[in-house]
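>>> Sequence first, predicted coordinates after that:
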Amino acid sequence: MIEGRIYTYSIINVPTAEFSGKTPYAVLVVELEDGQRMLSRLENFTSEMKLEIGMKVVESGRDDSGNLLFSVV
Amino acid sequence: MRKVSVLGVGETKFGSLPERSLRSLINEAGNKAIEDSGVSREKIQALYVGNFNSSFLCGQSHISALTAEELGLKTIPTLRVENACASGGLAFRMGMLMVATGVYDMVLVGGVEKMTHRETEVVTSALASAADSEFETSLGATFPSLFAMIANRYMHEFKTPREHMAMVAVQNHDNALLNPDAQMHKKITVEKAMSGFPVASPFTLYDCSLITDGAVFMVLTTADIAKALKPQRLLIEVIGSGHSGDSIQLALKKTLTTFPATIEAVEEAYEMSGTTPEDIDFAEVHDCFTITQIINTEDLGFFPKGTGGYAVENGETSLKGGKPVNPSGGLKAKGHPIGATGLSQLYEVVLQLRGEAGERQLAKADIGLAHNIGGTAASCAVHILRRQ
């Protein structure tokens, strides 16, 4: 189980054409325990959620493009 | 290397110009530049055109050949330059280097983009193609969201107020009110800027640069030829040029709050010109988003790290401040026709150096700098110009 923390994030309300109808969604840079960083998307994001830098996230599967997704613990 | 001079400049008005074709934009700006230079078009030996994404947005590639045909440049060699939002600054650099190294004596450089005829989501996709399609765009990342993540990290590291970003928007809107070619002529307040539509948190619509149609062209030649052709006119000399790069992926950058490409490109330009940040009277600084201007003014050496926003708040970057930034209104309010933007910045620098900037003319404008980045600062072009 890959774990990490939110290094930074943004909640998107104007998407690309490919993500039309999926707003709002949250993208983030995850800092893994070994210090490496990767871009991802939060799988369990809801607009009621209050995101903060430093929050713990864990891997929660892959999307159709094969991207590793994370969820807030 | 030979000294290079800007002999002529021309631009269209920036804006939402859906009725104008690419050819029409090129024709207007290109012919204005050639007329301003005073040379006949037969003297132009090569053409470099910045264009980001007309292939996708207009179904038109090979924009350099199209440009040469439209401007009657016959069979001269042409090249399209594409480095995302830095396409224009790098088209200028290609032309400048060709003249400096003696390959050609006179070249035309320019940039053009036509964007506003497409829906916002299509333009958002076109812009997102400047990011990594496999590791960023496929996740749903947009360009605003990539810089929004930089903004959140910046505010976290330096504990700066969100209002600073809104103040950048307010100031650039104020400057654009004095620029007849600017797309946006609308005064805004900090409160309005912060309460706009939340495009990608923490950004509202007012933190984002504009979607713009427009074109800008310039004739470059050697300083010696420029003096001989126009002895009465102020000589505008390109004294410094720098070009650098960085990783395309945001997550692979060592830091998100400094742009190494800006630092390396400007160091090259400072060294070539023998200038320091203190010598720069004013600058056009890449402000694709409000946070971008703040970080870049620090990386250019104008203000210490973490204080770029305070410089805006204290009026230092205003038209009457000690280091005016984006007197044209910047990408934020003059507009951001991607492939033309680097040239648009240089156009303002030339106008200010000539003393032809009208109501927004700066009191002191002897040395000016233009700074242009592509992607999340994955490429950077910097030029320093001086009047003789």
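Happy to help now that I have it. Numbers count the residues shown, from 1 in each chain, chains lettered A, B, ... in the order given.
>>> Do a quick rundown of the helices in the stretch 1-150 of chain B.
B:22-37, B:54-57, B:63-70, B:87-100, B:120-128, B:143-158 (DSSP state H, counting those that start in this stretch).
>>> From the chain's centroid, how far away is the third one?
In other words, helix B:63-70. Here helix B:63-70 is found 22 Å from its chain centre; the criterion is C-alpha atoms, centre = their mean, to the nearest Å.
>>> so what's B:Glu157 closest to, chain neighbours aside?
B:Thr257 (5.5 Å; C-beta to C-beta, 6 or more residues apart in numbering or on different chains). For the C-beta atoms, the positions are set from N, CA and C on the backbone; glycine is no exception.
>>> about what we covered before: just the helices of the stretch 1-150 of chain B: most buried one?
Of those, the one with the most neighbours on average (mean count of other C-beta atoms under 10 Å in any protein chain shown) is helix B:87-100, at a mean of 26.
>>> as a whole number, average confidence for that one?
For helix B:87-100, mean pLDDT is 98.
>>> Hey, what's the angle from it to helix B:63-70? Just curious.
For helix B:87-100 against helix B:63-70, the angle by axes from the mean of the first three to the mean of the last three C-alpha atoms, to 10 degrees is 70 degrees.
>>> Residues of chain A that sit close to chain B?
Proximity of chain A to chain B, by C-beta under 8 Å from any C-beta of the partner chain, involves residues A:7-20, A:22, A:25, A:27-29, A:37-41, A:53, A:63, A:65, A:67.
>>> B:Gly309 is in contact with B:Pro161, correct?
Yes: with contact defined as C-beta atoms under 8 Å, B:Pro161 reaches B:Gly309; the gap is 7.4 Å.
>>> higher neighbour count, the two?
The neighbour count for B:Pro161 versus B:Gly309, taken as other C-beta atoms under 10 Å in any protein chain shown, is higher for B:Gly309 (29 against 12).
>>> helix/strand/coil for that one?
At B:Gly309 the chain is in helix, as set by DSSP: H, G, I helix; E, B strand; the rest coil.
>>> So for it, what's the nearest residue that isn't a sequence neighbour?
B:His164 (2.9 Å).
>>> Ok, A:Ser20 next?
B:Glu121 (5.6 Å).
>>> Which SSE is immediately downstream of the longest strand seen in chain A?
The single longest strand within chain A, with elements called by DSSP state E, is strand A:3-12. On the C-terminal side of strand A:3-12, the closest following helix or strand by DSSP states H and E is strand A:25-32.
>>> what's that next one packed up against?
strand A:3-12, strand A:37-41, helix B:143-158 (3 or more C-beta pairs under 8 Å, 6 or more residues apart in numbering or on different chains; DSSP states H and E).
>>> could you dump these to JSON lines with distance to B:Glu359?
Shown next, in JSON lines, are the helices and strands packed on strand A:25-32 (distance: least, C-beta to C-beta, whole Å):
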{"stretch": "strand A:3-12", "distance to B:Glu359": "37"}
{"stretch": "strand A:37-41", "distance to B:Glu359": "44"}
{"stretch": "helix B:143-158", "distance to B:Glu359": "31"}
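>>> Quick one: closest of those to B:Val49.
helix B:143-158 (22.5 Å; C-beta to C-beta).
>>> Now do that closest one, average pLDDT.
pLDDT averaged over helix B:143-158 gives 98.
>>> How far off centre is it?
With C-alpha atoms, centre = their mean, you get 21 Å for helix B:143-158.
>>> The very next helix or strand once past it packs against which elements?
Using DSSP H and E, the helix or strand that follows helix B:143-158 in sequence is helix B:163-176. Packing partners of helix B:163-176 (3+ C-beta pairs under 8 Å, 6+ apart): helix B:190-194, helix B:290-299, helix B:308-313, helix B:330-333.
>>> which phi and psi does B:Cys208 have?
Recorded main-chain torsions at B:Cys208 are phi -100, psi 140, according to degrees, to the nearest 10.
>>> cool, B:Ser273 as well?
Backbone geometry at B:Ser273, expressed as degrees, to the nearest 10, gives phi -90, psi -10.
>>> List the residues that contact it.
B:Ile239, B:Gly240, B:Ile384, B:Arg386 (C-beta atoms under 8 Å, 6 or more residues apart in numbering or on different chains).
>>> go on, B:Gly342?
B:Gly342 neighbours (C-beta under 8 Å, 6+ apart): B:50, B:85-92, B:111, B:370, B:372, B:381.
>>> B:Val99 reaches B:Val107, doesn't it?
Yes: under the criterion of C-beta under 8 Å, B:Val99 makes contact with B:Val107 at 6.0 Å.
>>> Mind listing the shared neighbours of these two?
Residues touching both B:Val99 and B:Val107 by C-beta under 8 Å, 6+ apart: B:Leu220, B:Thr221.
>>> just the contacts of B:Gly342 now: which is nearest B:Ala128?
Of the contacts of B:Gly342, the one sitting nearest to B:Ala128 (C-beta to C-beta) turns out to be B:Cys85, at 12.4 Å.
>>> wait, that closest one sits on B:Thr376?
No: using C-beta under 8 Å, B:Cys85 is not in contact with B:Thr376; the gap is 10.1 Å.
>>> What is the neighbour count of A:Glu52?
A:Glu52: 11 neighbours (other C-beta under 10 Å).
>>> oh, I was asking about A:Met55
Neighbours around A:Met55, by other C-beta under 10 Å: 16.
>>> Can you verify B:Phe197 is assigned to a helix?
No: under three-state DSSP, B:Phe197 falls outside any helix and is assigned coil.
>>> In contact with it, which residues?
A:Asn13, A:Val14, B:Thr204, B:Leu205.
>>> wait, what's in contact with the first one?
By that I understand A:Asn13. For A:Asn13, the contact set (C-beta under 8 Å, 6+ apart) comprises A:Thr23, A:Pro24, B:Phe197, B:Pro198, B:Val199, B:Ala200.
>>> Skip the chain neighbours and tell me the closest residue to the residue of the stretch 1-150 of chain B found nearest chain A.
Checking the stretch 1-150 of chain B residue by residue against chain A with C-beta to the nearest C-beta singles out B:Ala148 as nearest, at 3.7 Å. Excluding its sequence neighbours, the residue lying closest to B:Ala148 (C-beta to C-beta, 6+ apart) is A:Ser10, at 3.7 Å.
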